[in-house]
Structure formats: C-alpha cells, structure tokens
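Peer 1: sharing a model prediction with you, sequence too.
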Amino acid sequence: DVKVTQSSRYLVKRTGEKVFLECVQDMDHENMFWYRQDPGLGLRLIYFSYDVKMKEKGDIPEGYSVSREKKERFSLILESASTNQTSMYLCASSLTIGGQPQHFGDGTRLSIL
Amino acid sequence: AQSVTQLGSHVSVSEGALVLLRCNYSSSVPPYLFWYVQYPNQGLQLLLKYTSAATLVKGINGFEAEFKKSETSFHLTKPSAHMSDAAEYFCAVTEGGYQKVTFGTGTKLQVIP
C-alpha cells in the first residue's frame, strides 16, 4: 500500500513564525499535492508538484511556498504565519497516468495563535 | 474547466436504510470521477473511481456509484447503512491526463441507530 506520511498530526505556532510542514511518500509517485481543508469549503489546492524541483500554484497559493528537492518529499512553507492559516493541511501523491487516484496522509491540524 | 457539486452538506439515514449521496460534475472532456471517504482526524481514502470502463462502479465497504453522462451525475449509494459508515464523503473530478483534481465540498453522513 502507498504510504503518505505527514510529519506532525498537530502543530501550534505563533503569528509571524515561519512554519514548515513535511510530507513523504514511499511509492515513487511523480505528483504531490498540498491542500487545506476548512469546514464547508472542502479541499482547496495550495500547490502541487509534478516532478522534482517543479511546482505549480493551485487555487490558494498566497502566503505559502513549497519545496521539492527529492521525489519522495514535498514541503509546505508558511512564510509568516497568520491566524487565517489555522486549518487542516492534507498532503497527497499520485502517479501521472490518467485517472489514478490520489493517496492522502492523515493530515496536520495547524493552529496559529 | 472542471467542477463538482455535492448536494447536501449533511445527510442523515437510519441504520439499515439506503444511503444516497449526490454528486454532479462539469467537465469539458470525458472525466475521471472519484468518491473518497474521510473518517474523523484522518486523511481521505479512496472508495471507488470511474475511468470509463463501466458506468456502474463498485467500491469498498458495499458502496457503488453510477456514471450518468446525460445527467452529468455520479451519485454514491449503499443499500443498507451501517453505523461505521458515518463519515464525510467527497466527490472529485479530474480531466483526462491532467492530475489536478477538483473536490466537492463534502457531505457528512450521519447514521442513526
């Protein structure tokens, strides 16, 4: 089975801090994704990457950046955390072949105080 | 552009009753369609997917969904609800060969004993 591992289940940070969320997948998937999930809004795509060092903005990239230096690892960075970034963050990976599902980690619940 | 609409953010059914969760999509090309389930404090798990092989798709845990092109629908059903089915369900669409997935806003299923 594909395993997508997010480094933290719960995280509490302060306003203005630089925050790193890490995600690792073990199935050699080309694509990796970061979403945030908020009640009533479903999943919204922040950034995705289809190859090492490649990244594409999703629907809500403002205030975030990403890094993919190795194929298995995709990091989400909150440059200067703000309270409106308090949310559940989900990482996913998938193969490039059409119609392949995404495989998700268990999520990181981030609170910005 | 692709989009997904899930009718009903909350659905309640009695244990043993039929489960019907509605999903309508919009896509400019033949789509790939997915249903995911999310249990509390977990990531999303794939329930089933439609990739044009058959219009009636069977998934895990007794769920199935029917692709109806004329109605642009992909509703999820289960003949008899079980308490363990209580979760949030997400419909998702992706267009052929492109890995960006659009998710619906989710439907929380409550199963009443």
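Peer 2: Cool, the structure landed.
Peer 1: what's the neighbour count on residue B:60?
Peer 2: By other Cβ atoms under 10 Å in any protein chain shown, the residues close to residue B:60 number 10. Heads up, the C-betas are built off the backbone N, CA and C, glycines and all.
Peer 1: show me what contacts it?
Peer 2: Shown in contact with residue B:60 (Cβ atoms under 8 Å, 6 or more residues apart in numbering or on different chains): B:47, B:48.
Peer 1: can you check the pLDDT for it?
Peer 2: You'll see residue B:60 listed with a pLDDT of 93.
Peer 1: helix/strand/coil for the spatially most central residue of chain A?
Peer 2: With distances taken as Cα atoms, centre = their mean, residue A:34 lies nearest the centre of chain A, 2.7 Å away. Here residue A:34 takes the strand state, with states given by DSSP: H, G, I helix; E, B strand; the rest coil.
Peer 1: pretty sure it sits against residue A:44.
Peer 2: No: applying Cβ atoms under 8 Å as the test, residue A:34 and residue A:44 come out as separate, 10.0 Å apart.
Peer 1: so what sits against both of these two?
Peer 2: residue A:58.
Peer 1: so who does the residue nearest to the centre of chain A touch?
Peer 2: Residue A:34 neighbours (Cβ under 8 Å, 6+ apart): A:21, A:23, A:45-48, A:58, A:64, A:66, A:74, A:76, A:89-91.
Peer 1: in the sheet, who's paired with it?
Peer 2: Per DSSP bridges, the residues bridged to residue A:34 are residue A:47, residue A:91.
Peer 1: where does it land on pLDDT?
Peer 2: 97.
Peer 1: where does pLDDT dip in chain B?
Peer 2: B:96-99 (pLDDT under 70).
Peer 1: what about 80?
Peer 2: Applying pLDDT under 80 to chain B picks out residues B:1, B:28-30, B:52-53, B:95-100.
Peer 1: whichever residue of chain A sits closest to chain B: how many residues sit nearby?
Peer 2: Distance from chain B to each residue of chain A (Cβ to the nearest Cβ) is smallest for residue A:104, at 3.4 Å. Applying other Cβ under 10 Å, we find 25 residues neighbouring residue A:104.
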